[in-house]
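Colleague: make a model of this:
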Amino acid sequence: MAGVSIISRRSTISRRFALGLLASFVVARPTAPALAQSWPQKPVKVLVGFSAGGNIDNIARLTCQRLSDVLGQQFVVENRVGAMGTIAADAVVRSQPDGYTLFWAGTGTVSIYPAVGKPPYDTVKDLAPVGLIGTGPHVLIINPKLPIKNVQEFVAYVKAQPQKLPYGGGGGPGSVSNLLMALFLKRAGLEMTAVSYRGTAQAIIDVIAGHIPTMFVPLPEALPQAESGKVRIIALSDDKRSPEVPNVPTISESGYPGYRGVSWNGLMAPAGTPKDIINRIAVEFARAAKDPQFVAQLRQQGITPLGLNPEEFAKFLQEDMALWAEAVKIAGVTAVQ
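Modeller: Here you go, the predicted structure:
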């Protein structure tokens with residue numbers, strides 16, 4: 001990418017993450033070859049660290065239903081909520097690495113939490129990448145009554161204010177929403193004041209009401225409000241435009257090349273899970289990402305399908321963990337419970 005990339009300053013961190021992630025994938029505990037060849041012989045449990053009915057849970061259930069259909073055994077989603085998903089992740093880390101207990105992983109638990117908290121396991125060494133099903137962009141929304149139509153006008157408007165304007169940090173200081181704004185403000189040379197919310201729903205309500213002027217939110221949560229004219233979407237956090245909002249430019253193409261930050265969803269396993277099992281799931285992820293019906297289902301959840309294999313997923317995590325570690329430092333987040 002042209003310009004000063006967010007990722008370009010992280011070579012030392014990236015090297016460490018890369019080695020650890022790839023090691024967790026490559027090194028397998030001794031396991032009978034017949035186990036991998038005959039897997040799965042019974043239902044597979046997939047732990048999700050967030051509540052049923054949310055975006056992460058929905059994507060997990062869509063993907064697990066497909067795996068159930070193609071592999072002939074039930075992939076059963078179990079919600080174990082708490083501590084940004086680390087309760088579920090810890091249970092998977094402590095399970096037998098036999099392919100029957102897996103972790104539905106996402107940005108907050110895997111890429112952000114290690115930079116702001118102390119998980120009871122080593123994220124890099126104890127969890128092996130299996131497959132990344134896709135990524136989801138966030139969008140920068142504003143109250144539609146403001147005289148702002150694009151990123152350039154947004155920057156000019158904020159700079160012209162005599163006092164720091166507030167913005168919504170949906171999900172709190174360590175959330176994707178808050179950290180995306182911190183990254184953008186740093187790049188644009190702006191100062192604003194974060195207002196923390198327990199989730200994005202109330203924050204969006206306050207943007208609509210004019211109590212706060214702006215925030216980053218996941219695209220699916222912004223679309224209904226934008227279509228009804230209650231908010232205005234002015235930019236996308238991904239480095240490519242979304243088919244759902246093709247006329248909305250990315251922040252990268254709006255004068256800040258290299259800017260990118262997305263949420264993601266994928267599957268991870270306890271370190272030492274047989275490679276044959278991991279690869280079998282990865283093959284199905286790759287097929288799913290090319291299935292028009294499944295792709296349409298993901299698109300409805302705001303997800304861009306990728307179907308990355310374990311090695312590609314490990315490389316993605318290497319860069320993503322470094323990105324959010326930098327964002328945490330910029331935002332000044334010291335600890336998240």
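Colleague: from residue 303, how far off is residue 198?
Modeller: 24 Å (C-beta to C-beta, to the nearest Å). C-beta: built from backbone N, CA, C; applies to glycine.
Colleague: neighbour count: the two, which is higher?
Modeller: Ranked by neighbour count (other C-beta atoms under 10 Å), residue 198 and residue 303 place residue 303 first, with 27 against 11.
Colleague: what strand or helix carries the closest residue to that one other than its chain neighbours?
Modeller: Distances taken as C-beta to C-beta, 6 or more residues apart in numbering put residue 134 closest to residue 303, at 4.1 Å, once the chain neighbours are dropped. Assignment of secondary structure by DSSP states H and E places residue 134 within strand 127-142.
Colleague: which neighbours does that strand have in its sheet, and in what orientation?
Modeller: Partners of strand 127-142 in the sheet, by DSSP bridges, are strand 214-218 (antiparallel), strand 232-236 (antiparallel), strand 262-270 (antiparallel), strand 304-308 (antiparallel).
Colleague: look up which residues are beta-bridged to the residue nearest to residue 178 when sequence neighbours are not counted.
Modeller: In this structure, residue 178 finds its nearest non-sequential neighbour in residue 169, 3.4 Å apart by C-beta to C-beta, 6+ apart. Beta-bridge pairing for residue 169 (DSSP bridges): residue 196.
Colleague: for residue 169, grab the count of nearby residues.
Modeller: Residue 169, neighbours per other C-beta under 10 Å, totals 28.
Colleague: go ahead and confirm it touches residue 199.
Modeller: No. Using C-beta atoms under 8 Å, residue 169 is not in contact with residue 199, being 10.6 Å away.
Colleague: can I see the domain layout of the protein?
Modeller: 7-136+263-331, 137-254 (automatic domain parsing).
Colleague: can you lay out those domains as a markdown table showing mean pLDDT?
Modeller: Output for the domains of the chain, formatted as a markdown table (pLDDT from 0 to 100):
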| stretch | mean pLDDT |
| --- | --- |
| domain 7-136+263-331 | 89 |
| domain 137-254 | 96 |
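Colleague: just list the residues touching residue 296, thanks.
Modeller: By C-beta atoms under 8 Å, 6 or more residues apart in numbering, the contact set of residue 296 is empty.
Colleague: how about it, phi and psi?
Modeller: Note on residue 296: its backbone torsions stand at phi -60, psi -40 [degrees, to the nearest 10].
Colleague: likewise for residue 151?
Modeller: phi -60, psi -40.
Colleague: which non-adjacent residue is nearest it?
Modeller: The nearest residue in space to residue 151 (C-beta to C-beta, 6+ apart) is residue 254, at 3.8 Å.
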